[in-house]
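Undergrad: Below: sequence and its predicted model.
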Number of protein chains: 6
Amino acid sequence: MSLEEGAGKPLAHYAAWRRAGDFIFLSGIIPVNPQSGTIVRGFKDIPVEVRQLVGETGEFSTDARQGPILAQSWYVLESIRHTVQQAGGQMSDVIKLVQYFRNLDHFPCYSRVRKLFYDGQPPVSTVVQVSEMLPSAEVLIEVEATAWLPLPP
Amino acid sequence: MSLEEGAGKPLAHYAAWRRAGDFIFLSGIIPVNPQSGTIVRGFKDIPVEVRQLVGETGEFSTDARQGPILAQSWYVLESIRHTVQQAGGQMSDVIKLVQYFRNLDHFPCYSRVRKLFYDGQPPVSTVVQVSEMLPSAEVLIEVEATAWLPLPP
Amino acid sequence: MSLEEGAGKPLAHYAAWRRAGDFIFLSGIIPVNPQSGTIVRGFKDIPVEVRQLVGETGEFSTDARQGPILAQSWYVLESIRHTVQQAGGQMSDVIKLVQYFRNLDHFPCYSRVRKLFYDGQPPVSTVVQVSEMLPSAEVLIEVEATAWLPLPP
Amino acid sequence: MSLEEGAGKPLAHYAAWRRAGDFIFLSGIIPVNPQSGTIVRGFKDIPVEVRQLVGETGEFSTDARQGPILAQSWYVLESIRHTVQQAGGQMSDVIKLVQYFRNLDHFPCYSRVRKLFYDGQPPVSTVVQVSEMLPSAEVLIEVEATAWLPLPP
Amino acid sequence: MSLEEGAGKPLAHYAAWRRAGDFIFLSGIIPVNPQSGTIVRGFKDIPVEVRQLVGETGEFSTDARQGPILAQSWYVLESIRHTVQQAGGQMSDVIKLVQYFRNLDHFPCYSRVRKLFYDGQPPVSTVVQVSEMLPSAEVLIEVEATAWLPLPP
Amino acid sequence: MSLEEGAGKPLAHYAAWRRAGDFIFLSGIIPVNPQSGTIVRGFKDIPVEVRQLVGETGEFSTDARQGPILAQSWYVLESIRHTVQQAGGQMSDVIKLVQYFRNLDHFPCYSRVRKLFYDGQPPVSTVVQVSEMLPSAEVLIEVEATAWLPLPP
């Protein structure tokens, strides 16, 4: 699985994003390729060229342990960027993130990846640990984004 | 319990809805009749005329199993529609839903009911499984809705 | 710990608040002093003058039991008020609260404290129980607030 | 707590190390200061000058989450180095490590710290997750080292 | 996966084996192919010609149940033999084994496989059940071996 | 059961001890009589003359509570002494102990018994709590010993 066109497309009867006035609301995004229905499970499921950037070390045990959350973090945030671009904006327009984790021990890994997507002013952020997300317990993170993208007057 | 006046009224010291600019924000709605304080437990707690529509089959085991989530899903979404109407809008103005489940195995049933409420463009949607909701563990679903209902200029 | 300057300041690479049009979005606020990194654990961690107001009884068993949630509730809501004031508004401008609990048995205590902060029209409200919050299991509550604070024309 | 003299001294009726022929056997070392009896709980319990080296980020949530294992990893390995020095050797003489974790999710953090102690040939290594170590559940790691330090002929 | 070159190679920053005087110390070996990063999950992951030898029966339920531990036992012991051969010795030079299991119900299967590797004098042996091993809960066994292989005078 | 000949004999296809150069390696020893296959369960399973020495008090509740670990501790250490004697040495030649407990609350009792076996220089020591040992959950302790017993030149 690489960064495909499908990233960010809705998996069921819901919209990937909706504009309401100057706001773009996104559905909660999970690390699942909507076309293949495959869950991102590790570095092999994200493009080769970003693996080191998000934290691949080359050591088997470390990568086996951290690969799932690092790869899912990248995939979800990249899907958000992709979706906001479809709406005509960019990552810096995303001003709010609600982040659901299955295990908050994963937060430091996610936090490291998120910094790659925000070099300027960071968004407001809410973080909680929930018991499960769709479609299965292999999903470690879901992120709901809100962007502010004023219409030209 | 049928579709009462009370549906959508706040159960404590909070507002059922608030307008802020062109947006209507709703409180998280649970399947509880605010006047009687009764939790919706199955088909017998929703109006006769909608039971088949939301999925009553007449087979005892199936209805005992799926009745609670189907009836709660209908009740909660109907309460949202009712609340948005009080604010001067309709279901299609609800552009965002955050849905909390106690058990994501219930998602397919909920999803089937939600389609009855949206024939046009669906809302953006976030779905997570949490460990409990108010007032008790019998509550299987809580839905927080946001509507966009521009004021007439 | 008393009501410090630091209350409401972001604990990581995220913003305490962001304005988007007429709205102020706040990050989820937890009962942690961002300067000392200390979690509010009971009445001793909030100012003397508010302890009775939020429910200190002087009975050891009762205070040991309810102190943590009462003190955390006050600290979090006070941090929200403080943050909204930094954005130029006040508590009554906060029109929406999403409240995450580790244990919904704590809801009545929280609800009692929240009334101290709202004498007029209450906000819309969503309440769920999640399995954990940052930074550790000692955090009993996290509150995400949204304010509506129209810019002067 | 900083790098004290006491690091690596036995906490009960056992030897910190014993020579047997050309080998130095060390007792399993835990992140506890043997003089104060204090468990290393985070960055504040290790010397200021090594905190960044072992991974302190300055972000509260990340440091609160990873601080305990990073600080304990450093303290335990530093105690091993200190103990081997008392026996007349150095870290590169330690040719075998058995590492007990309370949670193998901590392995990547430990692995990063361990590399700071080995720039040349690494030791052989065994890693397992056990249910608890002495003196309490706050201890996240215990490391048993064996050194080879031939006596001068 | 068959008996590859890679068997016994270190998965992270550690040595597969180290000589110290007349001893060869091995790292704890897990049933993972270090080149592909694949965990041995059953008979299909070991060479066809050894499957019956280690206990494949051809009965589906039995093989599904015992296949994982039988195949992992063979893979780990074969990796130990391979590693000792790289150091210039053979299986009978391995005089000590420490064996970590995830479930001691697996011991009889492992014990049967181990006899295939020792026809003469058996090694000393320690057996305990731990809660997890690297890289994940699918690993059922880890074995740490020590060999005595005196250098020619 | 009393101090039998069989104590320390292997229960399966492994050696009770092996000499390798100047070292004697022992298998992990559990509190089981290898001839009868009986697990030591309390004071009645160790010789009358040592019961008071290891801590029998005569008070029913105390002895019922501490009897199992005190008797098992004595039996295991006595088996180690017996085994080292068979190899030509004595307890003071045992320079390293790895001790596995099912419950670290038992450590103080074990520690008291161990002092009876070491009046001079104590061994190096590693202590962890594991989830189970052979042959069943009634086994509270397993000890792996290493002795240094140089061959006469």
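TA: Nice, I can see it. Numbering: from 1, shown residues only, chains lettered A, B, ... in the order given.
Undergrad: only C-alpha atoms for contact and neighbour calcs from this point on.
TA: Noted.
Undergrad: Tell me the secondary structure of A:S73, please.
TA: Secondary structure, DSSP: H, G, I helix; E, B strand; the rest coil: A:S73 is helix.
Undergrad: for it, what are its contacts?
TA: A:P31, A:Y110, A:V113, A:R114, A:I141 (Cα atoms under 8 Å, 6 or more residues apart in numbering or on different chains).
Undergrad: try 10 Å
TA: Listed by Cα atoms under 10 Å, 6 or more residues apart in numbering or on different chains, the contact set of A:S73 reads A:30-31, A:40, A:54, A:67, A:79, A:106-107, A:109-114, A:140-143.
Undergrad: repeat for A:A64
TA: A:R41, A:G42, A:F43, A:E56, A:G58, D:P108, E:G37, E:L134, E:P135, E:S136.
Undergrad: Which of the helices or strands spans it?
TA: Element membership for A:A64, per DSSP states H and E: helix A:60-86.
Undergrad: helices and strands around the lowest-mean-pLDDT helix or strand in chain A, which ones?
TA: Ranked by mean pLDDT, DSSP states H and E, the weakest helix or strand in chain A is strand A:32-33, scoring a mean of 90. On a contact count with 3 or more Cα pairs under 10 Å, 6 or more residues apart in numbering or on different chains; DSSP states H and E, strand A:32-33 meets strand A:38-39, helix A:60-86.
Undergrad: Same list (the ones you listed) but as CSV, adding mean pLDDT.
TA: What follows is the helices and strands packed on strand A:32-33, written out as CSV (pLDDT from 0 to 100):
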stretch, mean pLDDT
strand A:38-39, 93
helix A:60-86, 96
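Undergrad: Grab the most central residue of chain A for me.
TA: A:V76 (1.6 Å; Cα atoms, centre = their mean).
Undergrad: does that one really touch A:G28, like I thought?
TA: Yes. Counting by Cα atoms under 10 Å, A:V76 does reach A:G28; the two are 9.4 Å apart.
Undergrad: Could you check how far the residue of chain A found nearest chain E is from E:W148?
TA: For chain A, the residue closest to chain E is A:E59, as judged by Cα to the nearest Cα, at 4.5 Å. Distance, A:E59 to E:W148, by Cα to Cα, to the nearest Å: 29 Å.
Undergrad: likewise A:I95?
TA: Taking Cα to Cα, one finds A:I95 at 63 Å from E:W148.
Undergrad: for the helices and strands packed on strand A:32-33, which one ends up most surrounded?
TA: Mean neighbour count (mean count of other Cα atoms under 10 Å in any protein chain shown) peaks for helix A:60-86 among the helices and strands packed on strand A:32-33, with a mean of 23.
Undergrad: does the next helix or strand after that helix come close to chain B?
TA: Using DSSP H and E, the next helix or strand after helix A:60-86 towards the C-terminus is strand A:94-101. Yes. Using Cα under 10 Å from any Cα of the partner chain, strand A:94-101 comes into contact with chain B via A:Y100, A:F101.
Undergrad: Pull out the buried positions in strand A:94-101.
TA: Buried residues in strand A:94-101, defined by neighbour count with 16 or more other Cα atoms under 10 Å in any protein chain shown: A:V94, A:I95, A:K96, A:L97, A:V98, A:Q99, A:Y100, A:F101.
Undergrad: again with stretch A:29-49
TA: Those would be A:29-34, A:39-43, A:45-46, for stretch A:29-49 by 16+ other Cα under 10 Å.
Undergrad: ok, now stretch A:51-58?
TA: In stretch A:51-58, counting by 16+ other Cα under 10 Å, buried: A:R51, A:V54, A:G55, A:E56, A:T57.
Undergrad: Which of the residues you listed fall within helices?
TA: Taking DSSP state H as the definition of helices, those contribute A:R51, A:V54.
Undergrad: Need the pLDDT of A:A16.
TA: What the model reports as pLDDT for A:A16 is 94.
Undergrad: shouldn't it be in contact with B:Q121?
TA: No. Using Cα under 10 Å, A:A16 is not in contact with B:Q121; the gap is 11.1 Å.
Undergrad: So for those two, which sits in the more crowded spot?
TA: Remark: of A:A16 and B:Q121, A:A16 carries more neighbours, 23 against 13, as counted by other Cα atoms under 10 Å in any protein chain shown.
Undergrad: how close does that one sit to D:Y100?
TA: A:A16 sits at a distance of 45 Å from D:Y100 (criterion: Cα to Cα).
Undergrad: Equivalent analysis for A:G28, please.
TA: Separation of A:G28 from D:Y100 (Cα to Cα): 38 Å.
Undergrad: And for A:L77?
TA: In terms of Cα to Cα, A:L77 sits 35 Å off from D:Y100.
Undergrad: So what's the residue count around A:S136?
TA: Per other Cα under 10 Å, the neighbour tally for A:S136 reads 11.
Undergrad: That one touches B:L104, doesn't it?
TA: Yes. Between A:S136 and B:L104 a contact is recorded at 8.7 Å, counting by Cα under 10 Å.
Undergrad: quick one on the thing from earlier: give me the more crowded residue out of A:E59 and E:W148.
TA: Using other Cα under 10 Å as the criterion, A:E59 and E:W148 rank with E:W148 on top: 21 against 16.
Undergrad: Okay, now the unreliable bits of chain A?
TA: Flagging of chain A using pLDDT under 70 yields the residue ranges A:1-12.
Undergrad: ok, now with 80
TA: Applying pLDDT under 80 to chain A flags residues A:1-13, A:34-35, A:153.
Undergrad: just the residues of it that are near chain D, which are they?
TA: Applying Cα under 10 Å from any Cα, we find that chain A lies next to chain D at A:57, A:59, A:61-66, A:104-112.
Undergrad: again, only using 8 Å
TA: Applying Cα under 8 Å from any Cα of the partner chain, we find that chain A lies next to chain D at A:S61, A:T62, A:R65, A:Q66, A:D105, A:F107, A:P108, A:S111.
Undergrad: Among those, list the two that are farthest apart in space.
TA: By the measure Cα to Cα, A:S61 and A:S111 form the most distant pair in the residues of chain A next to chain D, at 20.9 Å.
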